[in-house]
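J.: Model the following, please.
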Amino acid sequence: MLHRPRKTRLAVGKCTAGFLAALLTPTLLTPAFAADPTGDWRVADGVANIRVAQCNGNVWGAVAWEKEPGGRDSYNPDPARRTRPTLGMPILINMKKKPGEDAWEGEVYNAKDGKTYSSTITPKGPDQLEIQGCVLGFLCGGETWTRVGPPIPSSPVNSMAKSNGKTTGTANKTVATAPKATGPATRSATPGQKPGAQADTVGDICLLPDIAGLAH
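T.: Below is the predicted model of the structure:
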């Protein structure tokens, strides 16, 4: 009976182990990236981008770009808020991580009807975010958003957003550098519009008064 030399068997074993590691490594790493809901997302009908970030441990989202600038929250149930700009308006509200799942639960505000829905967001791969919402347990529906900006790392600034909404020197630096993290969202101009024509005036959403006042 012929026997393969021991060195050859070791070499084959190392090659096999390396091949398996190459196959398994992307599989092991993908879920961690895919489960990150932060970043800038284009809504299903393309009229706005929503910037999603972790603010004091929970996930929030606010309008960061509008196809038609100058929108107002006209259908808000509070008449006093119907003139507030939709740019910078909170959409995803205080979303908490579901234990053992790549999903977050909270509320979503729909400016098209002025209603707040119980909601769940679930990343579907690295470039899609599924939004599901229901009013009083019925009238359920959902849509899928598409990523247009990279994930936003949690920072001391947005993790420690103050209830009074005041910014510090550090916070101002973060806002100034925010367009670098969301370049694709800012550059995605509407047809006929010059790239970058609509400046990023939202910055770190955790410092917006409507979010900073609640994310504590």
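J.: Phi, psi for residue 206 please.
T.: phi -70, psi -10 (degrees, to the nearest 10).
J.: for this structure, what helix or strand is lowest in average pLDDT?
T.: helix 169-181 (a mean of 33; mean pLDDT, DSSP states H and E).
J.: how about the nearest residue to residue 127, chain neighbours excluded?
T.: Among residues not flanking residue 127 along the chain, residue 147 sits closest, at 4.4 Å (Cβ to Cβ, 6 or more residues apart in numbering). Bear in mind the C-beta positions are built from the backbone N, C-alpha and C, glycine included.
J.: beta partners of that neighbour?
T.: Beta-bridge pairing of residue 147, defined through DSSP bridges, involves residue 41.
J.: Can you get me a residue count around it?
T.: Residue crowding around residue 147 was assessed by other Cβ atoms under 10 Å; the count is 22.
J.: Kindly state the pLDDT recorded for it?
T.: The pLDDT attached to residue 147 in the predicted structure is 97.
J.: That one: what's it in contact with?
T.: Contacts for residue 147 were tallied using Cβ atoms under 8 Å, 6 or more residues apart in numbering; they are 39, 40, 41, 42, 126, 127, 128, 129.
J.: Would you confirm that the fifth one belongs to a strand?
T.: Translated: residue 126. No: secondary structure of residue 126, determined by DSSP: H, G, I helix; E, B strand; the rest coil: coil, with no strand assignment.
J.: so how many other residues sit close to it?
T.: Here the neighbour count serves as a burial measure; for residue 126 (other Cβ under 10 Å) it reads 15.
J.: okay, who's weakest in the contacts of residue 147 by pLDDT?
T.: Within the contacts of residue 147, pLDDT reaches its minimum at residue 126, with 92.
J.: got the phi/psi numbers for that residue?
T.: Listed backbone geometry of residue 126 is phi -70, psi -20, with angles given as degrees, to the nearest 10.
J.: measure it to residue 35 for me?
T.: Here residue 126 is placed at a distance of 9 Å from residue 35 (Cβ to Cβ, to the nearest Å).
J.: And the furthest pair within the contacts of residue 147?
T.: Farthest apart among these by Cβ to Cβ are 42 and 126. That separation is 14.4 Å.
J.: one step back: filter the contacts of residue 147 down to the buried ones.
T.: Members of those that pass the buried threshold by neighbour count (16 or more other Cβ atoms under 10 Å) are listed as 39, 40, 41, 42, 129.
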